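K.L.:
Pasting the sequence and the predicted model now:
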Amino acid sequence: MKLTTPITITAADSEARTISGRIVAFDEQANASTGKVVFAKGSIDPAPVFLNLEHDRTRRIGKSMEMSMDGDSAINATFKISTTQAGNDALIEAMDGLRDGFSVELAVEDYVQEKGYMKVLKAELTGVALVSEPAVRSARVAEVAATADEDSTSAPDEDATPTPTTEGDEVENTVTDAAAVTETVEAAQSVTAAANLGGFTAKPRLDFSATKQLEMTIKASLGSEDARAYVRAAADTTDNAGLVPTRQLTTVINGLANATRSNIDAISRGTLPDAGMSFEIPKITQLPGVTVEAEAGTIEDVDQNSAFISVDVKKYAGQQTFSVELFDRSSPLFIDELMRNMAAQYAKVTDTAVNAAIISGASLDATTVATYPTAAELLGIIGRGAASVYAGTQGFARNIIANTSQWSNLMTLNNNGAPLYNVAAGTNNFTGGVSTPTSIRGTVAGLDLYVTANTASTTDTDGSILIVNPDAYTWYESPTYQLRADVVNTGQINIAMYGYGAIATKIGAGAFKNNKA
């Protein structure tokens, strides 16, 4: 939870690479983003700290040389700026009023909720930052001055890691158990006119659920300071031994679906007609007759006949319903991730439907195999399948579809330890094909291999191996569409993704499936 309050700084001078000024004012009420806050006299003790750029502890630009109390009303500090490019830029920006604020970071250990404002009773100074957003009115920078080779006299331990600050939205303004929470206050001050009290966070009763962590991590990657502070707070367990949150990364793990459609890739594709929930494809059912006739004999009259295959068009759709608040206040990545997952599910469902249609129409091998086929048994299935497909379609089987368990078996087939279907890794003197753990495509005994996880069974069952003439089956598909609708009376939004597809079994004998005994 970030608080901003008006504060000013007296002066700045970049000649000798130091910046001095007031960083904390006591008993002065500030208007923060969540309400009013007051630091009680003596609530903060001066301490050597690093000077960070915009509260990024990986971008240190200096460290404190001197820090002292101004009576009991304020804390003044002087910082030595590093001779790095970032330090040079920071001095110039401070002098030009471009990045003209100090912002202190405090881990609040005790406070009370007074009427109309929060009063901080005890806090630890953990860092100071040079920031661009001004915010608190009375703290003042005295000057930016020092010789270029002046050493720091009160530097913090280089190995010390300042306590992280928190700027998450999950802070509760009223906290009854002060020992169970801490708060971070960032008092920002303008070098020329005003500065700010940057981030004030109660090390709070944050929601450390996986969903919230993911949301805040995504927002942090988009530049939200509040979300970045939330992520820092999630990792800070120094003052709350009962809470040990786990860091969460921005990578989203999805092991449930992907956009791979091996079954559809293994057959032919077509464009779905522009209208209707079914369509017909003409199919020759009887060829004209040609016979050997005697001289002057009567020619036999055999007519060519045809029929129509009716193909049903199916709608494949999914939707997500969520509140308008979630849509408005969440990162755009939420919608992007949602649509990617819906597209992956669409791919999985349509590909599974095609696999089922191929298995349903395929010719069953007359020879049974009791277990996963040996190399000889696999060649038998392929040989019988190729002959069956050619006889049934007058076309060649060019593809073999295997489920994941059959793929595993393919990779185990060997000749004295040399893989039969991975010649590059073996020592065979013939080209048996390629089937590797790193690709779902390959070749097996002259057929193009397509490995699929989109099937009803992942074990050794009928149809776990399919020998296919791709021209015998065609997948017709429309573009996919998105439909978004507002539900006004409930304040919800529906997002739907849908499309139309049809699988045409043109010649059932165009596929051949293994027969599991």
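P.N.:
The structure has been received and is ready for your questions.

K.L.:
use CA for all of it now, contacts and neighbours both
P.N.:
Noted.

K.L.:
Tell me, how many residues neighbour the closest residue in space to Pro479 that isn't next to it in sequence?
P.N.:
Once flanking residues are discounted, Pro479 sits nearest to Gly499: 6.2 Å by Cα to Cα, 6 or more residues apart in numbering. For Gly499, the neighbour count with other Cα atoms under 10 Å is 17.

K.L.:
before we move on, what about Gly223?
P.N.:
As a burial measure, Gly223 scores 10 neighbours (other Cα under 10 Å).

K.L.:
With the one 4 residues further on instead?
P.N.:
Other residues lying near Ala227 total 26 when counted by other Cα under 10 Å.

K.L.:
likewise Ala77?
P.N.:
Neighbours around Ala77, by other Cα under 10 Å: 24.

K.L.:
How about the contacts made by the closest residue to it other than its chain neighbours?
P.N.:
In space, and not counting its chain neighbours, Ala77 is closest to Met67: 4.3 Å by Cα to Cα, 6+ apart. Met67 makes contact with Pro46, Ala47, Pro48, Ile75, Asn76, Ala77, Thr78, according to Cα atoms under 8 Å, 6 or more residues apart in numbering.

K.L.:
how about the strands in the stretch 251-400 of the chain?
P.N.:
Listed in chain order, the strands of the stretch 251-400 of the chain (DSSP state E, counting those that start in this stretch) span 268-271, 278-286, 305-312, 314-323, 363-369, 399-403.

K.L.:
nearest to Asp471, of these?
P.N.:
Taking Cα to Cα, strand 268-271 is the member of those nearest to Asp471, at 5.6 Å.

K.L.:
which of the residues in the closest one are buried?
P.N.:
Buried residues in strand 268-271, counted by 16 or more other Cα atoms under 10 Å: Arg269.

K.L.:
Starting from it, tell me which strands it pairs with and how they run.
P.N.:
The sheet places strand 268-271 alongside strand 473-477 (parallel), with pairing taken from DSSP bridges.

K.L.:
Keeping just the C-alphas, turn the partner strand into PDB.
P.N.:
In PDB, the C-alpha atoms belonging to strand 473-477 read as follows (Å, rounded to 0.1, in the frame of the first residue of the first chain):
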ATOM      1  CA  TYR A 473     -10.100 -38.500 -43.700                       C
ATOM      2  CA  THR A 474     -10.600 -34.700 -43.900                       C
ATOM      3  CA  TRP A 475     -11.000 -32.200 -41.100                       C
ATOM      4  CA  TYR A 476     -13.100 -29.100 -42.100                       C
ATOM      5  CA  GLU A 477     -12.800 -26.200 -39.800                       C
END
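
K.L.:
Please renumber the chain so that the first residue is 680 from this point on.
P.N.:
Understood, numbering begins at 680; the last thing we discussed is strand 1152-1156.

K.L.:
Toward the C-terminus, what is the element adjacent to that strand?
P.N.:
strand 1160-1166 (DSSP states H and E).

K.L.:
Can you name every helix or strand that that following strand contacts?
P.N.:
With contacts taken as 3 or more Cα pairs under 8 Å, 6 or more residues apart in numbering; DSSP states H and E, strand 1160-1166 sits against strand 1171-1184.

K.L.:
The residue nearest to Pro1158 contacts Thr1029, doesn't it?
P.N.:
No: between Gly1178 and Thr1029 there is no contact under Cα atoms under 8 Å: 9.8 Å.
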